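Asks: Mind folding the following:
(one chain, ligands or ions: 1)
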Amino acid sequence: VSDQRVEIVPFARKHLAGAMEIFAEERWAYAQDGERTWRALSAPGTETLVAVGEERVLGLAQTMGDGEIQTFLAALIVARASRGAGVGRALVAAAVARNKGIRLDLISEADGFYEELGFSRMSGFRLRMPS
Ligand SMILES: CC(C)(COP(=O)(O)OP(=O)(O)OC[C@H]1O[C@@H](n2cnc3c(N)ncnc32)[C@H](O)[C@@H]1OP(=O)(O)O)[C@@H](O)C(=O)NCCC(=O)NCCS
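Replies: Numbering: from 1, shown residues only. All right, here's what the predicted structure looks like:
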């Protein structure tokens with residue numbers, strides 16, 4: 001990260017409001033209900049890391065891994081105002097450093113970013129769950 005004051009720390013309740021603002025910018029499903037998003041981002045078996053600068057949440061990454069073979073990058077988002085400064089790259093690097101196993105998979109909405117980081121392109125699928 002170009003700004004040395006950016007820290008990557010475990011997600012905590014105090015980060016929720018800032019995270020909700022970032023989700024709202026993208027209109028992600030996480031933006032709808034703060035308590036539900038809190039439960040999702042702090043769910044057992046998952047790990048959420050936040051990038052914080054000057055006490056503001058700049059971005060976050062959530063992973064879920066089996067500790068042996070595979071890890072899934074379940075969510076990655078950086079605040080619009082903080083993009084292009086290496087925050088996304090730093091969050092992925094922190095997620096890689098904290099997870100054991102042999103691979104990190106994801107469904108992409110930002111192909112160029114992942115290619116820049118050395119991920120290889122594969123096909124992905126998503127099933128919309130019945131409500
Ligand atoms: C994708 C996202 C996380 C990238 O975060 P970021 O902090 O802007 O990324 P970085 O600044 O760390 O970029 C790392 C490198 O990837 C490149 N990059 C970033 N976004 C890119 C894109 N959409 N296409 C191509 N290259 C991209 C940067 O230029 C940078 O390259 P450099 O180091 O040579 O300058 C951010 O744009 C975002 O939150 N987007 C909306 C949500 C989203 O799509 N999340 C991913 C869902 S799968």
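Asks: I figured residue 51 was touching residue 77, is that so?
Replies: No. Shown here, residue 51 and residue 77 do not form a contact pair, counting by Cβ atoms under 8 Å, at 10.2 Å. No exception for glycine: its C-beta is placed from N, CA and C like everyone else's.
Asks: which of those two has more neighbours?
Replies: Between residue 51 and residue 77, counting by other Cβ atoms under 10 Å, residue 51 is the more crowded of the two (27 against 24).
Asks: What parts of the protein come near the ligand?
Replies: Counting by Cβ under 6 Å from any ligand atom, the chain comes close to the ligand at 26, 76-78, 83-89, 106, 108-110, 112-113, 116.
Asks: returning to what we had before: residues shared between the contacts of residue 51 and residue 77?
Replies: Residues within reach of residue 51 and of residue 77 at once, by Cβ atoms under 8 Å, 6 or more residues apart in numbering, are 59, 60.
Asks: So, low pLDDT: which residues of this protein?
Replies: Counting by pLDDT under 70, the chain contains low-confidence ranges at 1-4.
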